[in-house]
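A.B. asks: quick one: sequence and predicted model below, then my questions.
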Amino acid sequence: MSVDRRDFLKLGLQSGLAYLTLNPVSQVLAQNYARRVQADPSPLRPVVGPFSSTNFNGDEYTRPHNILWDIAGYVQSKGGKPAVSEKRDVVIVGGGISGLSSAYFLQGKRPLLLEQGTQFGGNSKGEIFEGAPFSIGAAYLTVPEQGSSLHRMLHTVGALPAGRHEKDTDAKVMVGTRGFQSLWNGEADPDNKGAIEQIVKDFTAINEKAYPSIPWQPGGMNRREMEQLDQGTFLQWLQQRYGNKIPASLLEYFQLYCWSSFGGSIDEISAAQALNFLVAETEGIVAFPGGNSYVAQMMYQHLLRTLGPDSLRSNTIVLEVKTTPQGVEVLIEDAAGQLKTILCKACVVASPKNVANFLVPEMTPQQRALAKSIQYRAYVVANVALNQRVPSPCFDAFRMEGNVPPSPRFGKPGRRPFADVCFANWAMGDRANRSILTIYKPFPYDGARNTLYDGPAFERVQKEVAASVGEILQAMKVPMASIGGLRLSRWGHSLPLAAPRFFSTRQDEIFMTPTNGRIFYANQDNMINPSFEAAFDCAEIAASQILRMI
């Protein structure tokens, strides 16, 4: 179950060479996307029509929002709850990474995976334009430990050869007119090279000797140390450990990193949660063509082969999950708009807790209180297509201005146009005929989500992104005339805020316990840790409990 990201070179992948020789993206895409059909539920699918979008992609919120506020009234308007018409060993609610992972671990039990949206993958979705795959959500994984469950899954579904490893020493930041420079070797801040190198050594030692695993498990940092670390914010930890010796360039980087990765600021994020991300990246990251949508796609295709298409149903909204003497009844509205009741022995609710709160009336008071208390933050992903192929300077570059931005709040949202930019073609060795820039614009404060759903939100964000693309192109020495289109994807509540005192008050145990012994939970917000790895690990924990039961 461990995913502490060690020994990556033992995986047999070095800088994407295995991918380039063993798994050419042209072959994969030709096999997977012969059908350019809008109804395709795949996590990674082609752009149909022109590249530029006229509205947000991403969240598909209209149908659930219209139903979940009054489920009882909606069911009554449809004629009431019908009798059981289908039986399964396991039903999984939610087709994001936690749902796909749950189905992967439970594939021997012929699970039924239900997704309310048109596509599987959650916020690990992507698109392909003229042979160039790009992410519209999550971008990369940290390095999986050889032999871990994550490593084995990547191998089993066929995703592993496509991963390209970016070492921490290869990572760069975008520093104004100076272009792309390394922060970690002191190039971007030569006056503080020694202090930066010392912090890198400290982070490396934590990763090797006292890594704060999430979900917590023995073998790294012990539980008491984890709880102590979780008591304060990341900023407090930095100040206690380094005082005024931490360079401003690192504080700026950490602020941008927390915005992009957590949807929160360094004075909001738990020190345990921040270090869980940051120290793991001292071993670098693993990027796939299309970001994490490539992994989601390979998981989806594996499940199609092993379970069959009738076991993976999109456009299916779950209305209620409730235990009975016979098992668990799952009330759904299928893609045709018909209500149906499915009886199963166990159910995995792999949706976020702000949705699960509506679906599971039997949640314990403790579970319901936690579900209602979790805060979620929003972000927008902008993809810019260029009409030419441009060498990628790195995979992910944060935008530095030379000063530490204050933590934003409602009414004072801050002026940074974006946090970082990923070069989508980097993962495939820049072999596509055009380049795609994936720009991450977080909204790291409460109340920001509402501003993304008002009437002019799309036009407003589109203008903000378009105005900021020029500096990226200038740093790449590419003319503005190279821009061939812009797409925007909106994620309104994808990032559970990883605030302090979650582990120190043992809240991580609350959704580890099934409701009435049969309704299990698997999602990144089980741990309020917004990562592929947390979603995957929580799915494995839930699946292992179910396999012991049925």
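C.D. replies: Cool, the structure landed. If you're wondering where the values come from, they're calculated on a predicted model, not measured in any experiment.

A.B. asks: when you work out contacts or count neighbours from here on, use the C-alpha atoms and nothing else.
C.D. replies: OK.

A.B. asks: quick one: residue 122 and residue 95 touch, right?
C.D. replies: Yes: with contacts counted by CA atoms under 8 Å, residue 122 reaches residue 95, the gap being 6.4 Å.

A.B. asks: next, the buried residues of stretch 291-310.
C.D. replies: Going by neighbour count (16 or more other CA atoms under 10 Å), the buried part of stretch 291-310 is 291-303, 307.

A.B. asks: also stretch 168-181?
C.D. replies: Neighbour-count burial for stretch 168-181, with 16+ other CA under 10 Å as criterion, is recorded at 168, 170-175, 179-181.

A.B. asks: what's the longest helix in this protein?
C.D. replies: Counting residues, the longest helix found in the chain (DSSP state H) is helix 457-476.

A.B. asks: can you list contacts of that helix?
C.D. replies: Helix 457-476 is contacted from outside by 55-56, 174, 176-180, 382, 393, 417-418, 451-452, 479-480, 488, using CA atoms under 8 Å, 6 or more residues apart in numbering.

A.B. asks: give me the mean pLDDT for it.
C.D. replies: The pLDDT scores in helix 457-476 average 95.

A.B. asks: on that earlier part again, just the contacts of helix 457-476: which are in helices?
C.D. replies: Those of the contacts of helix 457-476 lying in helices (DSSP H): residue 451.

A.B. asks: in strands, which of the contacts of helix 457-476 appear?
C.D. replies: Counting by DSSP state E, those place 174, 180, 382, 488 in strands.

A.B. asks: will you turn these into CSV that also has distance to residue 529 and pLDDT?
C.D. replies: CSV is the format used below for those (distance: CA to CA, whole Å; pLDDT from 0 to 100):
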residue, distance to residue 529, pLDDT
174, 27, 96
180, 29, 96
382, 23, 98
488, 25, 98
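
A.B. asks: hmm, back to that, okay if I get the buried residues of stretch 168-181 as a markdown table plus distance to residue 156?
C.D. replies: Listed next are these as a markdown table, based on distance: CA to CA, whole Å:
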| residue | distance to residue 156 |
| --- | --- |
| 168 | 27 |
| 170 | 29 |
| 171 | 29 |
| 172 | 32 |
| 173 | 34 |
| 174 | 37 |
| 175 | 40 |
| 179 | 40 |
| 180 | 36 |
| 181 | 37 |
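
A.B. asks: and the least confident of the residues you listed?
C.D. replies: Of all those, residue 168 carries the smallest pLDDT score, 89.

A.B. asks: do you know how far that residue is from residue 71?
C.D. replies: 48 Å (CA to CA, to the nearest Å).

A.B. asks: same question, residue 446
C.D. replies: Residue 446 sits 27 Å away from residue 71, going by CA to CA.

A.B. asks: and what of residue 356?
C.D. replies: Per CA to CA, residue 356 is found 13 Å from residue 71.

A.B. asks: swap in residue 510?
C.D. replies: 25 Å.

A.B. asks: what sits against residue 43?
C.D. replies: Taking CA under 8 Å, 6+ apart as the test, what residue 43 contacts is 119-121, 124-126, 293-294, 296-297, 300.

A.B. asks: show the average pLDDT along the host helix or strand of residue 347.
C.D. replies: Taking DSSP states H and E as the definition, one finds residue 347 inside strand 339-349. Taken as a whole, strand 339-349 has a mean pLDDT of 98.

A.B. asks: still on that earlier bit, what's the closest of the ones in strands among the contacts of helix 457-476 to residue 361?
C.D. replies: residue 488 (35.7 Å; CA to CA).

A.B. asks: that closest one against residue 381, yeah?
C.D. replies: Yes: counting by CA under 8 Å, residue 381 is a contact partner of residue 488 at 5.8 Å.

A.B. asks: where does this structure have its least confident helix or strand?
C.D. replies: helix 17-22 (a mean of 33; mean pLDDT, DSSP states H and E).

A.B. asks: what are the bridge partners for residue 175, then?
C.D. replies: With DSSP bridges as the criterion, residue 175 is bridged to residue 400.
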